[in-house]
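Q: sequence-free structure coming up:
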Ligand code: GLP
């Protein structure tokens, strides 16, 4: 795992966006796995800036989103579909036919999940998967106890996640209880995983994910078994890492 610690949120976003920009530049047909939540918002703003100010061309990229709430149509302002168009896709020159976001209104969820997996496979693999981390250590919606080999499927959200999400809805009753999510196994097949985390609120769970045991109770810890995972953290999110000084040392002394 490569742990990169930056001073603040803006610096994380610049680092992550630069990484993605280089990928897109070298491989215009790159397959990007994308995430929602407040964490990647700054990254998406920076990608939009690179497109508008520096002409970064997204016309051939292919995207797959990690997850979607079940029961929310794409037009619902809290659906992840709406989020992605509002915060990224409407502002770059992505080809809409190359965008894949799980359909939370699918009739036969199991069949739909199998189709989603097959779609990813049809492109070979995801080149780079962007990830955030939930307050209970989940990636996508792989809640504690999710199999580390899991595939795209329906997942019942924990009370904690429902509570975390309640701030976005008018009433607690409206918060979805179920989601379609890529599995940990699906995510682990991405060539590179790029996890972003910022703020003190994530410090404990980030330390568990990076330095704790690999466990289904903290599904982000599976990244310890990934051959190319990069974690970009701000100082606050990194503050509980035992090896904090070492990660900084490694970054500052990168071999040419
Ligand atoms: C949801 C999403 C995750 C995201 C997490 C953290 O659970 N399914 O992909 O990482 O929220 O969200 P935030 O970035 O707002 O802390």
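A: Received, thanks. The structure displayed is predicted, hence computed values, not measured ones.
Q: can you tell me the average pLDDT over stretch 72-85?
A: Here stretch 72-85 scores 96 as its mean pLDDT.
Q: now do the end-to-end distance for that stretch.
A: 15 Å (Cα to Cα, to the nearest Å).
Q: how about it: buried residues?
A: 72, 76, 79-85 (16 or more other Cβ atoms under 10 Å). In this view, the C-beta of every residue, glycine as well, is placed from N, C-alpha and C.
Q: kindly report the same for stretch 112-127.
A: In stretch 112-127, counting by 16+ other Cβ under 10 Å, buried: 112-113, 116-117, 120, 126-127.
Q: helix, strand, or coil at residue 3?
A: Of the three states, residue 3 takes strand under DSSP: H, G, I helix; E, B strand; the rest coil.
Q: what helix or strand does the closest residue to it other than its chain neighbours sit in?
A: Of all residues not flanking residue 3 in the chain, residue 247 sits nearest, at 4.1 Å (Cβ to Cβ, 6 or more residues apart in numbering). Element membership for residue 247 (DSSP states H and E) is helix 244-252.
Q: can you read off the backbone torsions of the residue nearest to the spatial centre of the chain?
A: The centroid of the chain falls nearest to residue 131 when counting by Cα atoms, centre = their mean (2.3 Å). Phi and psi for residue 131, reported as degrees, to the nearest 10, are phi -140, psi 150.
Q: who's it bridged to?
A: Counting by DSSP bridges, residue 131 is bridged to residue 195.
Q: is any residue of stretch 4-17 near the ligand?
A: No: taking Cβ under 6 Å from any ligand atom as the criterion, stretch 4-17 and the ligand are apart, separated by no less than 11.3 Å.
Q: show me how far that stretch is from its chain's centre.
A: 15 Å (Cα atoms, centre = their mean, to the nearest Å).
Q: which residues touch it?
A: Here stretch 4-17 makes contact (Cβ atoms under 8 Å, 6 or more residues apart in numbering) with 42-43, 45-47, 50, 130, 194, 196, 198-199, 230-235, 238, 244, 247-248, 251.
Q: give the rounded mean pLDDT of that stretch.
A: Computed over stretch 4-17, the average pLDDT equals 98.
Q: what comes up buried for it?
A: 4-6, 9, 11-17.
Q: what's the closest of these to residue 162?
A: residue 9 (25.7 Å; Cβ to Cβ).
Q: how near is that closest one to residue 206?
A: 14 Å (Cβ to Cβ, to the nearest Å).
Q: list the contacts of residue 146.
A: Taking Cβ under 8 Å, 6+ apart, one finds 138, 155, 183-184, 216, 219 in contact with residue 146.
Q: residue contacts, the residue in the stretch 51-200 of the chain that the ligand sits nearest to?
A: Using Cβ to the nearest ligand atom, residue 132 is the residue of the stretch 51-200 of the chain that sits closest to the ligand, at 2.6 Å. Shown in contact with residue 132 (Cβ under 8 Å, 6+ apart): 35-37, 39-40, 139, 195-197.
Q: so which of those are also by the ligand?
A: Okay, of the contacts of residue 132 touching the ligand (Cβ under 6 Å from any ligand atom), that's 35-37, 39.
Q: with pLDDT and neighbour count added, can I get these in CSV?
A: As requested, these are arranged in CSV below (pLDDT from 0 to 100; neighbours: other Cβ atoms under 10 Å):
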residue, pLDDT, neighbour count
35, 98, 23
36, 97, 25
37, 94, 17
39, 97, 23
